[in-house]
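J.: starting from these lines, generate the structure:
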Amino acid sequence: MIAIKSLIPTGRGLVHAWAAIMLAGAMFASGSAAAADLAGVWRLASPQVALKPADGQAIPFTAEGRRLYEENRKAAASGDFSFDLTETRCSSPGLPRVMLTPTAMKVFQDTRMVSILFQWNHLMRQIDLQSSVGQDSDTPTIMGAGAGHWNGDTLVVESTNFLPQKLLDNLIPSSEDLALTETLRLRGKNTLEDRIKITDPQMFTRPWTAVLVYTRASDDLFPFKEDICLDRIKTGLPLPR
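T.: Just a heads-up that it's a prediction; the model follows:
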């Protein structure tokens, strides 16, 4: 039988053992404190269809960006939404427009992934916490290729490789050069903020930032009732605004 005493380090070995234990404890505490708990059901505090610069200034359009925006605005005013595939064909809104969805969303969270399930069209957004931006992103998509990481209690998500000619909201155009940096953080137990930095040198003269604020909704809303775009169109119901 091995004596228990022989398993207990002494001298320098004891110091090293305690140092390892303290370091592991510090890393565990730091990791558990860093990742805020974003899980739950959320909805926009004030429903909106348009992104607005957080600094109160005008959107810094390039000449091309302004031209496309004005074309979209005039078409919408005349009842022509052919420029908007989400409105006319039930296409996915993509980013960041999906975050403007007025119906509820459910956030799920673990150490590998933060996932957002939207009531509208049962859309799913997945934020990989263990990949790099652009990894496995040869094919552009409406949601783009993104990756997230924790910076203290703030979730930072960087997204690139978007399909061109998609809308950022109901009117604002974008190009294949679009890049988004989102910072999501709790502003109190029942308030979630998504600060979105938008960079697209074809459409904007400089990066600009929009802020969306969500309030915690009752868990009774989940599981979500079905709310499908094509079903609304077939039955003559308006799309959610």
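
J.: how about stretch 64-79: buried residues?
T.: The neighbour-count check on stretch 64-79 (16 or more other CB atoms under 10 Å) flags 65, 68, 69, 72 as buried. (C-beta placed from N, C-alpha, C; glycine too.)

J.: I figured the third one hits residue 62, correct?
T.: Going back to what we said before, that points to residue 69. No. Assessed by CB atoms under 8 Å, residue 69 is found out of contact with residue 62, at 10.2 Å.

J.: can you list the domain ranges for the chain.
T.: Here the domain parsing of the chain from automatic domain parsing is 4-34, 40-235.

J.: can you give me the end-to-end span of the longest one?
T.: End-to-end distance of domain 40-235 (CA to CA, to the nearest Å): 31 Å.

J.: just how off-centre is it within its chain?
T.: The chain centroid and the centroid of domain 40-235 are separated by 7 Å under CA atoms, centre = their mean, to the nearest Å.

J.: need the per-residue pLDDT for residue 190.
T.: pLDDT recorded at residue 190 is 96.

J.: would you mind measuring from it to residue 42?
T.: Residue 190 is 9 Å from residue 42, where distance means CB to CB, to the nearest Å.

J.: of those two, which one has the most company?
T.: Using other CB atoms under 10 Å as the criterion, residue 190 and residue 42 rank with residue 42 on top: 22 against 13.

J.: which residues pair with the closest residue to the more buried one other than its chain neighbours across the strands?
T.: Nearest non-adjacent residue to residue 42, counting by CB to CB, 6 or more residues apart in numbering: residue 214, 4.1 Å away. Counting by DSSP bridges, residue 214 is bridged to residue 44, residue 192.

J.: so residue 214 makes contact with residue 194?
T.: Yes. At 7.3 Å, residue 214 and residue 194 qualify as touching, with contact defined as CB under 8 Å.

J.: the more surrounded of the two?
T.: Taking other CB under 10 Å, residue 214 and residue 194 do not tie; residue 214 has more neighbours (24 against 19).

J.: can you check the pLDDT for that one?
T.: 98.

J.: show me the contacts for it.
T.: Contact partners of residue 214, counting by CB atoms under 8 Å, 6 or more residues apart in numbering, are 42, 43, 44, 45, 105, 191, 192, 193, 194.

J.: which one of those has the most neighbours?
T.: Neighbour-wise, the contacts of residue 214 (other CB under 10 Å) top out at residue 105, 25 neighbours.
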